[in-house]
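*Asks:* got a sequence here, can you model it:
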Amino acid sequence: QQVSAAGQVSVQDRSESQLIGDEDRNASQPQRDEDRNASQLQRDEDRNASQLQREQERDLDEQRYRNKIFDVYIKEMGQLLKENHRAMISKEFMATLSRVKTLDIFRQLDGQRNIRIIRFLYEA
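*Replies:* Alright, predicted model coming up:
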């Protein structure tokens, strides 16, 4: 009888242990789900931040490029206008060259920079 009583206690202990384990797993499931969701949200935020940073860097590179070609245009046109005032020969050629350079730069720049070019030419 002692063996059977000990066997019953052992089976009963195992059943209680399994029940406690199941309760622990069930109780911790919402926390695991919450942790998983928080991790996913953090990954999404990191990905979005990286994408935004890449877009901003691309925009800055584009602005730098446009500023550079704008500056080169202004310097070249300034030089052409200065030379044209010194020597009146080939005035038609200078006008054509200026027009070609201006139309070419207009295609590459945004509206605001184009307005600045028009002002520059008007004032020159």
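
*Asks:* just checking, what packs against the longest helix belonging to the chain?
*Replies:* For the chain, the helix that runs over the most residues, judged by DSSP state H, is helix 2-86. Packing partners of helix 2-86 (3 or more Cβ pairs under 8 Å, 6 or more residues apart in numbering; DSSP states H and E): helix 91-108, helix 111-123. Using the backbone N, CA and C atoms, a C-beta is placed for each residue, glycine as well.

*Asks:* and those helices as TSV, adding distance to S17 and mean pLDDT?
*Replies:* Listed next are those as TSV, based on distance: least, Cβ to Cβ, whole Å; pLDDT from 0 to 100:
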stretch	distance to S17	mean pLDDT
helix 91-108	76	79
helix 111-123	75	86
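
*Asks:* format those as CSV; extra columns: mean neighbour count and distance to Q18.
*Replies:* Compiled in CSV, these are given as follows (neighbours: other Cβ atoms under 10 Å; distance: least, Cβ to Cβ, whole Å):
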stretch, mean neighbour count, distance to Q18
helix 91-108, 12, 74
helix 111-123, 12, 73
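
*Asks:* dump those to JSON lines, plus distance to S50.
*Replies:* Output for the helices and strands packed on helix 2-86, formatted as JSON lines (distance: least, Cβ to Cβ, whole Å):
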{"stretch": "helix 91-108", "distance to S50": "29"}
{"stretch": "helix 111-123", "distance to S50": "29"}
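
*Asks:* quick one: which of those is nearest E34?
*Replies:* Ranking the helices and strands packed on helix 2-86 by proximity to E34 (Cβ to Cβ) places helix 111-123 first, at 49.1 Å.

*Asks:* thinking again about what came up before, so the longest helix of the chain versus helix 91-108, what angle?
*Replies:* Helix 2-86 and helix 91-108 are oriented at 170 degrees to each other (axes from the mean of the first three to the mean of the last three Cα atoms, to 10 degrees).
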